[in-house]
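Participant: Just need the structure, nothing else, for what follows:
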Amino acid sequence: MSHVPLPHPAGLSPACTCAAVAPTARGSEPDGAGGRFGPTHALILLIAFLGLGCTLFLAGTELNTVLALLGGCGAIGAATLTAARGGRRLMTVLVETAVRSGAGK
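Facilitator: Here you go, the predicted model:
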């Protein structure tokens, strides 16, 4: 059987049954996803980090190494999200915190 649509006998095309909805605002999607970092994403990341940490610890990695690895990954992720969003104030706070912790304050 062919899946090519045939022309309607009366010359009119049948009504579209697709559920396409146009976005209501510039850059937003109808379901509200819009590429934003929300609570669901935070929960998924938290579960992934806990799972990774537990797996590394159960595999015999020292706890200090696991915490350092997860802390570094979290810092890189936070810096990436902040830079992508253009959050200058938050980036300043992150850099200041990193410098203070490096100085031992």
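Participant: Excluding chain neighbours, what is closest to residue 57?
Facilitator: Spatial nearest neighbour of residue 57, chain neighbours left out: residue 66 (5.4 Å); criterion: CB to CB, 6 or more residues apart in numbering. Every C-beta, even on glycine, is put in place using the N, C-alpha and C of the backbone.
Participant: Which positions within the helix or strand where the one you found lies qualify as buried?
Facilitator: For residue 66, the host element (DSSP states H and E) is helix 63-85. By neighbour count on 16 or more other CB atoms under 10 Å, the buried set for helix 63-85 is 66, 82.
Participant: Likewise for stretch 88-104?
Facilitator: In terms of neighbour count (16+ other CB under 10 Å), stretch 88-104 has its buried residues at residue 94.
Participant: any chance you could map the helices in the chain?
Facilitator: Along the chain, the stretches classed as helices by DSSP state H are 39-58, 63-85, 88-103.
Participant: I'd like the ones you listed as CSV, with mean pLDDT appended.
Facilitator: Below are the helices of the chain laid out as CSV (pLDDT from 0 to 100):
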stretch, mean pLDDT
helix 39-58, 89
helix 63-85, 85
helix 88-103, 79
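Participant: what's the spacing between residue 91 and residue 85?
Facilitator: Distance from residue 91 to residue 85, counting by CB to CB, to the nearest Å: 9 Å.
Participant: er, residue 54 I mean
Facilitator: For residue 54, the distance to residue 85 - CB to CB - is 30 Å.
Participant: next one: residue 99
Facilitator: Distance from residue 99 to residue 85, counting by CB to CB: 22 Å.
Participant: ok now do residue 98, which residues does it touch?
Facilitator: For residue 98, the contacting residues are residue 75, by CB atoms under 8 Å, 6 or more residues apart in numbering.
Participant: try residue 73
Facilitator: Contacts for residue 73 (CB under 8 Å, 6+ apart) come out as residue 49.
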